[in-house]
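> Sharing a model prediction with you, sequence too.
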Amino acid sequence: MELMYQKNLLKMLLGILIDIDAGYKNRLIAQKGFDETHVLRVVYESVEEKFVVITVYPGRRSRYEKN
């Protein structure tokens, strides 16, 4: 049950993450701020018209945002 919930949450997040950058080995990195000092980053690949999530991690806005 927990795994299914996490998969649905990631699908929802991929739909609303706004900043997408190129990553290593043709991977994409999507991110969105979730509080004043942090962003959520999702590293994923597009394989046969599907998204394959490699990892999800929080990061500091000061490091990853380009403002």
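Received the coordinates, thanks.
> any idea which element the residue nearest to the spatial centre of the chain lies in?
For the chain, the residue nearest the mean C-alpha position is residue 42 (1.9 Å; CA atoms, centre = their mean). According to DSSP states H and E, residue 42 maps onto strand 38-47.
> can you give me phi and psi for residue 61?
The phi/psi pair for residue 61 (degrees, to the nearest 10) reads phi -60, psi -40.
> List the contacts of it.
Applying CB atoms under 8 Å, 6 or more residues apart in numbering to residue 61 gives the contacts 33, 36, 37, 38, 39. (C-beta placed from N, C-alpha, C; glycine too.)
> For those residues, which entry has the maximal number of neighbours?
residue 39 (20 neighbours; other CB atoms under 10 Å).
> on that earlier part again, farthest pair in the contacts of residue 61?
36 and 39 (10.7 Å; CB to CB).
> thinking again about what came up before, does the residue nearest to the centre of the chain touch residue 53 like I think?
Yes. In this structure, residue 42 is within contact of residue 53 by CB atoms under 8 Å, at 6.2 Å.
> circling back to that earlier point, quick one, grab the pLDDT at the residue nearest to the centre of the chain.
Looking at residue 42, its pLDDT reads 86.
> next one: residue 38
On pLDDT, residue 38 comes in at 90.
> same deal with the one 10 residues further on?
Among the per-residue scores, residue 48 holds a pLDDT of 82.
> so how far is residue 23 from it?
According to CB to CB, to the nearest Å, residue 48 stands 19 Å off from residue 23.
> Then residue 46?
For residue 46, the distance to residue 23 equals 12 Å [CB to CB].
> quick one, which of the two is more surrounded?
Using other CB under 10 Å as the criterion, residue 46 and residue 23 rank with residue 23 on top: 15 against 11.
> How about the contacts made by the more buried one?
Contacts of residue 23 were listed using CB under 8 Å, 6+ apart, and they are 29, 43.
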